[in-house]
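A.B. asks: Quick one, structure for this:
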Amino acid sequence: MSAEGQSGPPIYLLLIPLVFAILIIVHVFLAIAGVSKSIQLNSLNSTWKKLEPQRLSLDNFKQESSVVNQDFQAVKQLLDQRVDWAEKLSRMCLDLPSGIWFSELIVKQKNFSLKASVVSLQNEEMAVVNKYLDNLKKDKSFMKDFASLELGPSLKKRQIVSYEVFDFTISGVLK
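C.D. replies: All right, here's what the predicted structure looks like:
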């Protein structure tokens, strides 16, 4: 036989050890990466455990802050809803025509009641009262907290010396 007829091992047999070598290298690389990630995970878990008291403190602070924020919102809402009676009384006095005086102011829940009296030398008591009520209704600063403002049904006429005095009531409903 000649040397030409003899050939070496087939090429696919040479590839088997090469494939095994590559698989072993990949396996070693993945094992090293897994160990590295495991060490990193343990380190992060250790850091997490060390930070646990701070995290709990932060969680408690968030809860307290939430409660305080809710309280703040409730107080803010109450302040927004409150009626500034000093301003209301000032506006009532600024719009007050001569001849009218107040005798009683009652505010209960959402109801407002102003009892007053009027005297007019020209016998125009009702015109003076209606003008006063119209002035109050036109006053946006005064009316901003009222849903309605009306002249009460009870008008009483009485005599003081030689003058006729009318007692009247203005009733309102607050918003």
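
A.B. asks: Please make it C-alpha for all contacts and neighbour counts, starting now.
C.D. replies: OK.

A.B. asks: So which elements touch the longest helix anywhere in the chain?
C.D. replies: Longest helix in the chain by number of residues, with DSSP state H as the criterion: helix 11-81. Contact analysis of helix 11-81 by 3 or more C-alpha pairs under 8 Å, 6 or more residues apart in numbering; DSSP states H and E lists no helix or strand as a packing neighbour.

A.B. asks: helix or strand right after it?
C.D. replies: Sequence-wise, the next helix or strand beyond helix 11-81 is helix 85-94, with elements assigned using DSSP states H and E.

A.B. asks: Centre of the chain to the longest helix of the chain, how far?
C.D. replies: Helix 11-81 has its average C-alpha position 35 Å from the chain's average C-alpha position, going by C-alpha atoms, centre = their mean, to the nearest Å.

A.B. asks: Low-confidence bits of this protein, can you list those?
C.D. replies: Counting by pLDDT under 70, the low-confidence segments of the chain come to 1-8, 78, 80-81.

A.B. asks: What values do phi and psi take at L174?
C.D. replies: phi -80, psi 150 (degrees, to the nearest 10).

A.B. asks: what residues are up against it?
C.D. replies: Contacts for L174 were tallied using C-alpha atoms under 8 Å, 6 or more residues apart in numbering; they are 110-112, 145-148.
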